[in-house]
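A.B. asks: Structure for this input, please:
(2 chains, ligands or ions: 3)
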Amino acid sequence: MQPLLEVRSLRTHFELGDGVVKAVDGVSLSVPRGRTLAVVGESGCGKSVTARSILRLVEKPARIVGGEILLHPDSDGEPLDLLAAKDKRLRQVRWADIAMVFQEPMASLSLVHTIGDQIIEAVRLHENVGKQAARERAIEMLGRVGIPDPQRRVDSYPFQFSGGMRQRAMIAMALSCRPRLLIADEPTTALDVTTQAQILDLLQDLQQEFGMAIMLITHDLGVAAQVADEVAVMYLGEVVEQGPASAVLSHPKHPYTQALVRSVPRLGARGQDRLVAVRGTVPPPYERPTGCRFHPRCDAFMAGKCDVTVPTRVRSDEIDVACLLYGEEKS
Amino acid sequence: MLRFVARRLVWMVITLAAISFVTFVVIKLPPGDYTTTVIANAEARGQDIPDSQIAELKRHYGLDKPFIVQYLTWIKGVVLHGDLGQSFAWNQSVASLIGNRVLLSMVLSIASLLFVWSIAFPIGIYSALRQYSGGDYLASFLGFIGMAVPEFMLALVMMYIGFRYFGQSVGGLFSPEYADAAWNLGKLLDLISHLWIPIVVVGVAGTAGLIRITRANLLDELHKPYVATARAKGLPEWKLLLKYPVRMSLSPFFSTVGWLLPGLISGETIVSVVMSLPTSGPLLLGAVKSQDMYLVGSFVLILSTLTVIGTMLSDLALAWWDPRIRTRFQKG
Ligand SMILES: Nc1ncnc2c1ncn2[C@@H]1O[C@H](COP(=O)(O)OP(=O)(O)OP(=O)(O)O)[C@@H](O)[C@H]1O
Ligand code: SF4
Ligand SMILES: [Mg+2]
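C.D. replies: Residues are numbered from 1 along each chain as shown, chains lettered A, B, ... in the order given. Ligands and ions are numbered 1, 2, ... in the order given. Have a look, this model is predicted:
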C-alpha cells in the first residue's frame, strides 16, 4: 500500500550572513497510513525544520531549496507535491489534511483569543458549517481530549489553563478538522512526566478512534519505543535509518542508531533519558564531514572509504539504512 | 470590573489632592509672593508703593493668612463651588480666564493624538511586515528626522509654509475677523483650517516615536509560535497577521497612552508659545513667572486631572483590549 506521505531528498537551508547552514540536507522518509512514525535524533539534527518544511512553514533566513513532499490521496490517484503546490491549494491541505502540534503549548496558542474562537476558526475555514455547529464541534473535541466541563471551558483563554490542559486543547484544535496526518513536534517535552504519559496515551487513543497517521518528533527513544510503529533516525540533516520500530530499536543497523540505543540504559522502560551519550560531538554547522557525515564519530569507520564515499540508502532486512557497511551486501 | 473602577476613582482623588498640595507648596517656595511682582513692576516704572497699600493688597488677596489656611480655603472653593479663585494679574476669575483655553488645549491635544495614531499605526505595521524593504527604510529615515527636529523649528517652518503658500494669517487659531466673534459655523471652519499646522507640529515627534514602538512590538510578535499555528491552520496570510500578531503588538501600546497624553500637552505648550496660540500653555508660563498662584494652581490641577483621567481611560481600554489584564482585574 502507498504510504500517506513521502518526503524525498528534502533540503532546507538557512541562508545567513556568514554562510549557509544546511539544517535539512537530503531528508527522505515516509509516513505509513494510520500508523505512528517516530522521528528521533540528537538536538539540532533538523527534526523541527523537517516538520515545518512539510507544511512550508519555514520562515525567512530558512528556505526550502529542493526535494519533493508527496501527499498521496486516500484512493488511487496522483499524489500532490506540497512543495510545488500553489499557495491556495497548500492552505487547503493545512489542517484539513495535515495538522500540527508544537512543542510549547503556552506559546503556540494565542493568549488573547479564547480556545473556542481558535478552534471554531479552523473548523469554519475548512468546512462549510455554521458558527453554532463549529462551536459544538469545538466543545465535543475539548471533551474528547479530556478537558473537564468543556461547555464552559470553550470560552476560556489559554492562560487560564495549565500546561497539560493547554496541550490537550492544542490537540483538540489539531484534530478538529479530522486530518489524515498529525505532526507532533515534541508535544510532551515541556510537560512533567505524568502529564507526558497521559498525553501520549491520549494520542494513541485518538489515533485508534480517528484513524489518522502520526508523525511524532521526539528526543526520547523510550517514547518512540512506547508509541511508534515505525522509527526514522536523523543525523545532521538527513535520515540515516528508517524501519519498523521493533527492528530499528532492537536490532539497529546504522552505527549511529546502535550508539543511540546503547546510550539508553533500559529501553522499553519509559525514562527521561536524553540522547547524549554518543561518542564525540556534533560537528559545527558550517562544516559537514566529507563522505559519510557520521564518520568522525563512528566506531566502524573504514578509512579511505567512509570519509570519501557518500552512502546511499539500501534495504537490509526490513530497514532502509544509509551506511557503507551495508552498501556492498546489496550489489 | 466595577470594583476596579471604584478603587481607581478613590486613588484618583487622593492623587489629585496630593498634587494640588505639592503644587501649592512649590508656588510658595520662591521668596515673596504676588505683591513682590507688583512692587517690582512699580519700581520699574519709577513709582513707589506705600507699605500700607501693600498690606492692603495682601489682605485683599488673603496672602496675610497662614499657608495652610490659604490652601484649604482655595481647595474648598474648588470642590464645593467649582470656584478656582481669582487671578491676581488679570483681576478676573480663573475660570473665566482659562475656560476657553483649556478647551482649545484639549481639542488640540486630542486632535494631535488622533493624527498620531492614524499615521503611526499603518506605517509602523507596514514597516514591520516589510522589514528591510525600501518603504521600511524610508519610514525609519523620516522617523529619525521627525524625532530630531525640535518642535519650535518645525512650527516656524510650517507657519512660513502656511503663510507663503496658503495665504493664512500667521500664528493663532483664528483669522482676525473671527478672533473675538461668538462661536458659529464660520468660526468653527476657520478653527479647523488653522488647526492642522499645530496638529502636525505637535504630532510629528509623537508619530515618529510611535512608529518605532509599533514596528518593534510587531517584529517581536511576528515569529512567535502562535503565528506559526495560525499559518498551519491554513489562514490566508494578511488575515492571520491582522488577527494575531498585529493585535498582540497593540497591547503594550495601550499602556503607553497614559504617558503619551502629558507628553502631548507639554509639547503643545512650547508650540503654542512660538505660534502664539490662545491655548493654556503660554498663559501658564506667564502665571508661573508672576507667582499668580491661584491661576498656576488651577492650571496644574486641571492638567493633572486630565492626565489622571487619561491614565485611567487607558487602563480601562487596555483591560477591554487584553483579556489577560481583564481577568486579573476581575479577580482583584
Ligand atoms: N533560526 C535559525 N537560524 C539559524 N539556524 C537555525 C535556526 N533554526 C534552526 N537552525 C539550524 O537548524 C538546525 C536544525 O534545527 P531544528 O530546530 O530542526 O533541530 P531539532 O532537531 O528540532 O532540535 P531539537 O531537538 O533541539 O528541537 C540547527 O542545528 C540549527 O543549526
Ligand atoms: S558509512 Fe562508515 S562512517 Fe558512516 S556510519 Fe557507516 S560505517 Fe560509520
Ligand atoms: Mg525541535
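A.B. asks: quick one: low-confidence ranges for the stretch 101-250 of chain B?
C.D. replies: B:168-172 (pLDDT under 70).
A.B. asks: what does it put close to chain A?
C.D. replies: Applying CB under 8 Å from any CB of the partner chain, we find that the stretch 101-250 of chain B lies next to chain A at B:223-226, B:228-236, B:243-244, B:247-248. The way it works is simple: take the backbone N, C-alpha and C, and place the C-beta from them, glycine included.
A.B. asks: switch the cut-off to 7 Å
C.D. replies: Within the stretch 101-250 of chain B, the residues that sit near chain A (CB under 7 Å from any CB of the partner chain) are B:223-226, B:228-229, B:231-236, B:244, B:247-248.
A.B. asks: Can you tell me which of those residues are buried?
C.D. replies: Buried members of these, counted by 16 or more other CB atoms under 10 Å in any protein chain shown: B:224-226, B:228-229, B:231-235, B:244, B:247-248.
A.B. asks: Spatially, which two of those residues are the most separated?
C.D. replies: B:Gly234 and B:Met248 (20.2 Å; CB to CB).
A.B. asks: re earlier: just the ones in helices from the buried ones among the residues of the stretch 101-250 of chain B next to chain A, please.
C.D. replies: B:Pro225, B:Tyr226, B:Ala228, B:Thr229, B:Arg231, B:Ala232, B:Arg247, B:Met248 (DSSP state H).
A.B. asks: ok, the last one touching A:Val112?
C.D. replies: Yes. The pair B:Met248 and A:Val112 passes the contact test of CB atoms under 7 Å, sitting 6.3 Å apart.
A.B. asks: tell me the pLDDT at the residue in the stretch 101-250 of chain A that ligand 1 sits nearest to?
C.D. replies: Closest approach between the stretch 101-250 of chain A and ligand 1, counting by CB to the nearest ligand atom: A:His219, at 5.6 Å. As predicted, A:His219 sits at a pLDDT of 85.
A.B. asks: Please state the backbone phi and psi of it?
C.D. replies: phi -80, psi -20 (degrees, to the nearest 10).
A.B. asks: what about it, neighbour count?
C.D. replies: 19 (other CB atoms under 10 Å in any protein chain shown).
A.B. asks: what's the spacing between it and ligand 2?
C.D. replies: The spacing between A:His219 and ligand 2, counted by CB to the nearest ligand atom, to the nearest Å, is 21 Å.
A.B. asks: what's the answer for A:Val193, then?
C.D. replies: 33 Å.
A.B. asks: Also B:Leu104?
C.D. replies: From B:Leu104 to ligand 2 the distance is 81 Å (CB to the nearest ligand atom).
A.B. asks: what about that residue, helix or strand, and which?
C.D. replies: Assigning secondary structure by DSSP states H and E places B:Leu104 in helix B:94-129.
A.B. asks: Equivalent analysis for A:Met100, please.
C.D. replies: strand A:98-101.
A.B. asks: ok, that strand near ligand 1 or not?
C.D. replies: No. With CB under 6 Å from any ligand atom as the criterion, ligand 1 is not reached by strand A:98-101; the gap is at least 13.3 Å.
A.B. asks: anything in that strand near chain B?
C.D. replies: Yes. Interface with chain B: strand A:98-101 contributes A:Met100 (CB under 7 Å from any CB).
A.B. asks: how far off helix B:225-232 does the strand or helix carrying A:Val49 point, in degrees?
C.D. replies: For A:Val49, the host element (DSSP H and E) is helix A:47-54. Counting by axes from the mean of the first three to the mean of the last three CA atoms, to 10 degrees, helix A:47-54 lies at 30 degrees to helix B:225-232.
A.B. asks: Which strands and helices lie in contact with helix A:47-54?
C.D. replies: Helix A:47-54 is packed against strand A:5-16, strand A:19-31, strand A:62-71, strand A:181-185, strand A:213-218, with contacts defined by 3 or more CB pairs under 7 Å, 6 or more residues apart in numbering or on different chains; DSSP states H and E.
A.B. asks: what distance separates that helix from the centre of its chain?
C.D. replies: Put simply, helix A:47-54 sits 7 Å off its chain's centre (CA atoms, centre = their mean, to the nearest Å).
A.B. asks: so that helix versus strand A:5-16, what angle?
C.D. replies: Going by the same axes, to 10 degrees, helix A:47-54 makes 110 degrees with strand A:5-16.
A.B. asks: can you pull the buried residues of helix A:47-54?
C.D. replies: In terms of neighbour count (16+ other CB under 10 Å), helix A:47-54 has its buried residues at A:Lys47, A:Ser48, A:Val49, A:Thr50, A:Ala51, A:Arg52, A:Ser53, A:Ile54.
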